[in-house]
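Trainee: My questions concern the predicted model and sequence given below.
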Amino acid sequence: MSKSNYLEEALLNHVLRGVPFAPPTGIFVALFTTAPTETTPGVEVTGGAYARQPVTFGVPSGGTCSNMADVTFPIATTGWGTITSFGLYDQVSGGNLLYYANLTSPRDILVNDQVRFPAGQLLCTED
């Protein structure tokens, strides 16, 4: 996953300048129909029962950590469009984008579809 400019600057300030950085009280997975970048927020899914979902990550090993449990989104009550990417936020709505990545295979989400990331599938790596 790539880090957002927000997180890059927060980490640099914290590690190199001693500026406090309070860790988020929760991490939430968001889905996008247009991918975010370091400088643009992307287009997040809206409507049709969509809501960001909480995720908990395990202890890092070898510079990587992954989601400890399945992350399951609500059943779509309308089409959500083609999901191309996902991101990790520090709030259930609004908030700051922390990490983002493109899906290996974009997926059209139609009425009655459900998106699920099995445990261990969301990998966050630092190198």
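Mentor: Here it is on my side, so go on.

Trainee: Please name the residues that touch residue 118.
Mentor: By Cβ atoms under 8 Å, 6 or more residues apart in numbering, the contact set of residue 118 is residue 70. (Glycine included, C-beta is placed from N, CA and C.)

Trainee: where's it relative to residue 78, distance?
Mentor: Per Cβ to Cβ, to the nearest Å, residue 118 is found 25 Å from residue 78.

Trainee: Can you list the buried residues in the strand ranked longest in the chain?
Mentor: In terms of residue count, the longest strand belonging to the chain (DSSP state E) is strand 97-109. By neighbour count on 16 or more other Cβ atoms under 10 Å, the buried set for strand 97-109 is 97, 98, 99, 100, 101, 103, 109.

Trainee: So which elements touch that strand?
Mentor: Judged by 3 or more Cβ pairs under 8 Å, 6 or more residues apart in numbering; DSSP states H and E, strand 97-109 is in contact with strand 2-3, helix 5-17, strand 27-34, strand 81-89.

Trainee: Quick one: these as a markdown table, columns for mean pLDDT too.
Mentor: Formatted as a markdown table, these follow (pLDDT from 0 to 100):
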| stretch | mean pLDDT |
| --- | --- |
| strand 2-3 | 92 |
| helix 5-17 | 95 |
| strand 27-34 | 98 |
| strand 81-89 | 97 |
